[in-house]
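J.: attaching a predicted model along with its sequence, questions to come.
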Amino acid sequence: MKLITNTQITVDGVMQANGGNNPEFDPGFERGGWALPLGDEESEAYIGDYYQRADAFLFGRRTYDLFAGYWGEERRADVDDPFVSSLNSRPKFVASNTIRDPRWADTTVLSGDLEVAIRDLKARPGGELQVHGSGQLIRWLLERELVDEMTLIVFPVIVGAGTRLFPATGGDFALELLESRTFQTGILAQTYRPAGRPEYA
């Protein structure tokens, strides 16, 4: 399977609480919900279609807990929604050494040697193993050259605070642009392929 990441971020790189403030997961953060006012029918359809393409999902622990609580089928009546239907009908994998009894159906916990487990997943036949949210996991995957493609959905807003996808210091990566799409509200979706180390002048 091809490992693909999909991250909604602001222009200043914040990925935290795009859908709204959640005191359980984002205590003290009051600038959540920055994505919702900018979404339109076209961009929502694009993101929904993206989820529908997945053969399986891979999550970090925190994103898994958030998604399970919000998108889990037992909590949702709108089973025809593309997010609800895809997330509840595909296998889910979560990187965690602490989860013992996952509460979301069709979940496999990846513990122990995570890199070996993910390489084994990628070796399976199939199309896309998608990672949504899970910023810490994405950075870890990039450092180990496990990411095949990454899509950044950039919302035209500067939040000025919050958790960023990439920290102030970290690894450096060259990226090859594969696709770019702009939506009427100014949302920009860009898909890249990691291409080794950057060249510096």
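T.: Received, thanks.
J.: which residues in the chain form strands?
T.: Along the chain, the stretches classed as strands by DSSP state E are 2-10, 56-60, 92-95, 107-110, 128-132, 149-155, 175-182, 188-194.
J.: bridged to the most centrally placed residue in the chain, which residues?
T.: Centre of the chain computed as the mean C-alpha position; nearest residue by C-alpha atoms, centre = their mean is residue 132, 1.5 Å away. Per DSSP bridges, the residues bridged to residue 132 are residue 6.
J.: thought it was touching residue 4?
T.: No: Residue 132 lies out of contact with residue 4 (C-beta atoms under 8 Å); the separation is 9.7 Å. The C-beta positions use only the backbone N, C-alpha and C, and glycine is treated the same way.
J.: how about low-confidence regions in the chain?
T.: By pLDDT under 70, the weakly predicted segments of the chain are 73-77.
J.: hmm, try it at 80
T.: Applying pLDDT under 80 to the chain flags the ranges 73-80.
J.: name the helices or strands packed onto the longest helix along it?
T.: Determined from DSSP state H, the single longest helix within the chain is helix 41-53. When contacts are defined as 3 or more C-beta pairs under 8 Å, 6 or more residues apart in numbering; DSSP states H and E, helix 41-53 packs onto helix 82-89, strand 128-132, strand 149-155.
J.: which one of these has the most crowded surroundings?
T.: strand 128-132 (a mean of 23; mean count of other C-beta atoms under 10 Å).
J.: how far does that strand sit from its chain's centre?
T.: 7 Å (C-alpha atoms, centre = their mean, to the nearest Å).
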